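Enquirer: curious how this folds, go ahead:
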Amino acid sequence: MSAGFQRARRPEQIEARRTAILAAARELLAERPVADISLRELACRVGLAKSNVLRYFDSREAVFLEVLDTAWTAWLDELDGALGDPAPPDPGYAREERVAGTIAATLAERRLLCELVSAMAPVLERNISPEFARGFKGRAAANTERLGALVRTRVPELSAEGARQFALGVVIVVSGAWPYANPTDAVAAAAAEVGGVPTFADGLAEGLTNLLAGLVARRR
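Expert: Sure thing, here's the model as predicted:
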């Protein structure tokens with residue numbers, strides 16, 4: 001147990017301790033990838049023993065999923081304003097390209113969110129309790145539903161199911177595009193010899209535009 005540690009007992013004390021742990025996690029994520037951050041490092045940063053961190057969160061992975069949830073919600077708040085008011089259809093798929101491009105641009109500005117989304121299914125969701133999983137997946141589903149609703153407001157030709165598929169597609173495309181666009185130094189050097197790696201923002205915009213335009217075209 002860390003010197004001077006006192007167990008939080010009242011609800012406000014517990015919440016303050018959880019907030020401190022999440023703040024330490026965000027600090028570490030600003031310094032290195034999530035895969036390089038251990039529970040020991042997180043505990044040291046917040047001034048607790050590992051066992052004491054686990055009094056407030058199920059696991060190291062649960063801490064970072066909580067950070068992801070907060071970052072995801074904050075991005076949706078920003079996106080609503082960035083997308084602007086609904087507009088009538090443009091010739092071709094210019095409107096869909098604009099909506100998808102805005103989504104891609106705002107995501108590209110949020111490195112922490114994109115990294116955690118890319119680590120969510122293959123890493124972070126692999127070491128959480130059933131109870132935490134139910135709560136997190138419920139919040140993730142709500143965020144996905146909200147994204148679909150934001151897009152459908154701007155592209156009303158989308159069906160409710162199409163909007164849901166697009167929102168899920170955003171998560172899937174980010175999950176694959178982020179690690180691909182951020183390779184190790186050795187892989188980046190090798191890729192440069194055969195044409196290089198496209199930027200994350202450009203690749204994401206292209207992929208999301210094709211997905212959104214395709215879903216709209218299927219409704220016509």
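
Enquirer: how far does the helix or strand of the chain with the lowest mean pLDDT sit from its chain's centre?
Expert: Least confident helix or strand of the chain, by mean pLDDT, DSSP states H and E, is helix 185-192 with a mean of 91. With Cα atoms, centre = their mean, to the nearest Å as the basis, helix 185-192 stands 26 Å off its chain's centre.

Enquirer: can you pull out the helices in this protein?
Expert: With DSSP state H, the ranges of helices along the chain come out as 11-29, 39-46, 50-53, 60-83, 94-108, 111-120, 130-154, 160-181, 185-192, 200-219.

Enquirer: which residues touch the nearest residue to L116 once chain neighbours are set aside?
Expert: Excluding its sequence neighbours, the residue lying closest to L116 (Cβ to Cβ, 6 or more residues apart in numbering) is L68, at 4.0 Å. For glycine as for every other residue, the C-beta is placed from the backbone atoms N, C-alpha and C. Going by Cβ atoms under 8 Å, 6 or more residues apart in numbering, L68 touches 113, 116-117, 120, 124.

Enquirer: the same query, at a cut-off of 10 Å, please.
Expert: L68 is in contact with 34, 112-113, 115-117, 119-120, 124, 136, 139-140, 143, counting by Cβ atoms under 10 Å, 6 or more residues apart in numbering.

Enquirer: on that earlier part again, got the CA coordinates for the least confident helix or strand of the chain in CSV?
Expert: What follows is helix 185-192, C-alpha atoms only, in CSV (Å, rounded to 0.1, in the frame of the first residue of the first chain):
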residue,chain,number,x,y,z
ASP,A,185,9.5,3.2,-37.7
ALA,A,186,10.7,0.0,-39.4
VAL,A,187,7.4,-0.6,-41.2
ALA,A,188,7.2,3.1,-42.1
ALA,A,189,10.6,3.0,-43.7
ALA,A,190,9.8,-0.2,-45.6
ALA,A,191,6.5,1.3,-46.8
ALA,A,192,8.2,4.4,-48.0
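
Enquirer: tell me the angle it makes with helix 160-181.
Expert: Relative orientation of helix 185-192 versus helix 160-181 (axes from the mean of the first three to the mean of the last three Cα atoms, to 10 degrees): 100 degrees.

Enquirer: what sits up against helix 185-192?
Expert: Here helix 185-192 makes contact (Cβ under 10 Å, 6+ apart) with 180-184, 196-198.
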